[in-house]
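Chemist: fold the stuff below for me.
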Amino acid sequence: MLYASTGCFTITVAMGIWLAIFAARYKRPFSFLTPAHVGSAVAGAIFLVIALTNGDSRLMLNVALAVAITAFGVLMAFFRRRGAMIAPLYMCHILLAVMFYFSMVCFTIFPNFGLN
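Modeler: Sure thing, here's the model as predicted:
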């Protein structure tokens, strides 16, 4: 399940980079991009929870990061619908997502990462 979760989050990262390029150019992204970003993140989170229920307790930090990333994403969408782009929200979302993704990759590639 960890490989499936990491694969979904890799797609999420690719879509997120694409969204960031549009935001940096002050252009509206393609209509499919945001739902694809959110959908792959939700699928990855489901696989993450399944891996967690299968006994991989190292992933608790990732669950906490995923909740924070989701909260910042929802806030970004809320303010974006009202016409505001608040840079600190974007930066927090991105920086937490980078930490989350690198942690996921380390847990996936190195099975003993985080074990004593």
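Chemist: the residue nearest the centre of the chain: helix or strand, and which one exactly?
Modeler: The geometric centre of the chain, computed from its C-alpha atoms, lies nearest to residue 97 (Cα atoms, centre = their mean), at 5.0 Å. Element membership of residue 97 [criterion: DSSP states H and E] is helix 87-109.
Chemist: OK, contacts around the nearest residue to the residue nearest to the centre of the chain once chain neighbours are set aside?
Modeler: Nearest non-adjacent residue to residue 97, counting by Cβ to Cβ, 6 or more residues apart in numbering: residue 69, 5.3 Å away. Where you see a C-beta, it was placed from the backbone N, CA and C, and this is true even at glycine. Residues in contact with residue 69 (Cβ atoms under 8 Å, 6 or more residues apart in numbering) are 93, 96, 97, 100.
Chemist: export those residues as TSV, with columns for pLDDT and distance to residue 82.
Modeler: Compiled in TSV, the contacts of residue 69 are given as follows (pLDDT from 0 to 100; distance: Cβ to Cβ, whole Å):
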residue	pLDDT	distance to residue 82
93	95	17
96	96	23
97	96	23
100	96	27
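Chemist: please report phi then psi for residue 25.
Modeler: phi -90, psi 0 (degrees, to the nearest 10).
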